[in-house]
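Novice: Quick one, what's the 3D model for this:
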Amino acid sequence: MEWLEIDTENCPVRRTLDLVGEKWSLLILRDAFNGVRRYEDFRRHLGLSEAVLADRLRKLVAAGILRVEPYREPGARTRSQYRLTARGRDLWPVLLALKQWGDSHAGDPAGTPLDIRHADCGAPVRVEVVCTGEDHAPLTPFEVTVRPGPAARPVRH
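Specialist: Below is the predicted model:
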């Protein structure tokens, strides 16, 4: 089968975008990776409406990307905070890749506002596509082949 003959309804990119492909969802995840946990902090930092924030948080929790944990300040009622799940943490390279692309193609002329470095050595962090074979350099799109996988289905006409 050629690419245009493959039905993309079950494409993993499409399925992922169904869960996190909306702008506010990605920005909530960015903030979660940077330590934001509480509803009010998300709302204040992102500047979005309560209705939109509540909807996006609900969807991210339903997708298993965030989990809700109760917390309580002394003398206050119990509230909820949001933490990344293992499934959510697996999105970290995706967010880093978006940041990396943004720095290169849509960045501020003054430089990056998010300087991400390895905690141990201080070197900048970057996302690369690599082959799982030994001693291979990072790959470009021209160095890979794409074939139909076991779940590929023909386009229905």
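Novice: Is there a neighbour count for Asp90? I'd like the number.
Specialist: 11 (other Cβ atoms under 10 Å). All C-beta atoms are positioned from the backbone trio N, CA, C, and that covers glycine.
Novice: Wait, a strand at Val146?
Specialist: No: Val146 is assigned coil when assessed by DSSP: H, G, I helix; E, B strand; the rest coil, not a strand.
Novice: What's the separation between it and Ala152?
Specialist: From Val146 across to Ala152, the span is 10 Å (Cβ to Cβ, to the nearest Å).
Novice: Compare neighbour counts for those two and give me the winner.
Specialist: Using other Cβ under 10 Å, the more surrounded residue of Val146 and Ala152 is Ala152, with 15 against 8.
Novice: what's across from Val68 in the sheet?
Specialist: Tyr82 (DSSP bridges).
Novice: show me the contacts for it.
Specialist: For Val68, the contacting residues are Val61, Ser80, Gln81, Tyr82, by Cβ atoms under 8 Å, 6 or more residues apart in numbering.
Novice: show me the contacts for the closest residue to the third one other than its chain neighbours.
Specialist: Spelled out, that is Gln81. Residue nearest to Gln81 in three dimensions, not counting chain neighbours: Arg37, with 4.1 Å by Cβ to Cβ, 6 or more residues apart in numbering. Contacts for Arg37 were tallied using Cβ under 8 Å, 6+ apart; they are Gln81, Tyr82, Arg83.
Novice: how close does the last one get to Glu69?
Specialist: It stands for Arg83. 6 Å.
Novice: any chance you could map the helices in the chain?
Specialist: 12-20, 23-33, 39-46, 50-62, 86-89, 92-105 (DSSP state H).
Novice: closest to Phe142 out of these?
Specialist: helix 92-105 (17.8 Å; Cβ to Cβ).
Novice: Buried residues in that closest one, which are they?
Specialist: Leu95, Leu96, Lys99, Gln100, Asp103 (16 or more other Cβ atoms under 10 Å).
Novice: ok, and what's touching that helix?
Specialist: Contact with helix 92-105 is made by Thr16, Leu26, Leu29, Arg30, Phe33, Thr112, Leu114, Ile116, Val125, Arg126, Val127, as judged by Cβ under 8 Å, 6+ apart.
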